[in-house]
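1. heads up, no residue letters with this:
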C-alpha cells in the first residue's frame, strides 16, 4: 500500500464499462484476469436494456479490471458514479468498494473481490452494486424465461439498445442467460 492518500485503485467491469468507459479515468487497458463473480443478465435498466449485475446465481464468470488514474477513493467513487449514472444520494449503496487500509467494504461479492484485490496488490477497488430484477420487482433474480419473454416484447428502440448491450458484452462474460438469448433470439456476440 502507498503511504498517505496515494492509492492504487482498481475498477471491475463486466458489461458496457469495458467497451465504453466514457469519461471514467481508466489509466490501463482492461485486464482479463479479474475476479470470478456471480454475474448474470438480471437487471432491467431505465432505458429498457437488460444488463449484467452481481446476483444470486451459482455460476461464475471472470470479470475484467482496470487501474484508475485517480489515487483517492472518494474521487474514484464520484467518477465511477458519474459514468454509471448513479445519483449522488445512491453512491454509498450502488458503488461497491473495498479499501485495504481500513478494511471497509460495501456491496455484493465484497469478500470475493477483496481476496482477489489483495492478490493483485490493489489498495482499493470499485464495482457496480446495482439492484437486481425488473423495475417494480427489485431484489428478485428473474428466471431466464422471464428475461427472454421481456426481450421478445420490447418495442424497436429499446430492443435495439438491449441487443447492442448483449452483443457487445465481452466474450468471456459467458453466462447461462446469454447462451439462451443467443440461441433463442439470435443475438450473437460481436467479434
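-> Structure's in. What do you need? Keep in mind that what you see is a predicted model, and the values were worked out from it rather than measured. Residues are numbered from 1 along each chain as shown.
2. contact partners for the nearest residue to residue 138 once chain neighbours are set aside?
-> Leaving aside its chain neighbours, residue 138 sits nearest to residue 131 (4.5 Å; criterion: CB to CB, 6 or more residues apart in numbering). C-beta coordinates here come from the backbone N, C-alpha and C atoms, glycine included. For residue 131, the contact set (CB atoms under 8 Å, 6 or more residues apart in numbering) comprises 43, 53, 94, 138, 139.
3. which elements pack onto the worst-scoring helix or strand of the chain on mean pLDDT?
-> Using mean pLDDT, DSSP states H and E, the weakest-scoring helix or strand in the chain turns out to be helix 156-168, at a mean of 93. When contacts are defined as 3 or more CB pairs under 8 Å, 6 or more residues apart in numbering; DSSP states H and E, helix 156-168 packs onto helix 16-19, strand 50-54.
4. residues making contact with the shortest one?
-> For helix 16-19, the external contacting residues (CB under 8 Å, 6+ apart) are 11, 24, 30, 51, 64, 83, 84, 128, 165, 168, 169, 170.
5. how about it: buried residues?
-> Of all the residues in helix 16-19, those buried under the rule 16 or more other CB atoms under 10 Å are 16, 17, 18.
6. re earlier: okay, the angle between the least confident helix or strand of the chain and strand 50-54?
-> Taking axes from the mean of the first three to the mean of the last three CA atoms, to 10 degrees, one finds that helix 156-168 is oriented at 40 degrees with respect to strand 50-54.
7. what bits of the protein have low per-residue confidence?
-> Applying pLDDT under 70 to the chain flags residues 1-5, 191.
8. now with 50?
-> 1-3 (pLDDT under 50).
9. which SS state does residue 122 fall under?
-> coil (DSSP: H, G, I helix; E, B strand; the rest coil).
10. kindly provide the distance from it to residue 97.
-> 11 Å (CB to CB, to the nearest Å).
11. repeat that for residue 86.
-> Distance, residue 86 to residue 97, using CB to CB: 12 Å.
12. and those two? Which one has more around it.
-> residue 97 (24 against 20; other CB atoms under 10 Å).
13. ok, which of the helices and strands packed on helix 156-168 comes nearest residue 72?
-> For residue 72, the closest of the helices and strands packed on helix 156-168 is helix 16-19, at 20.0 Å, according to CB to CB.
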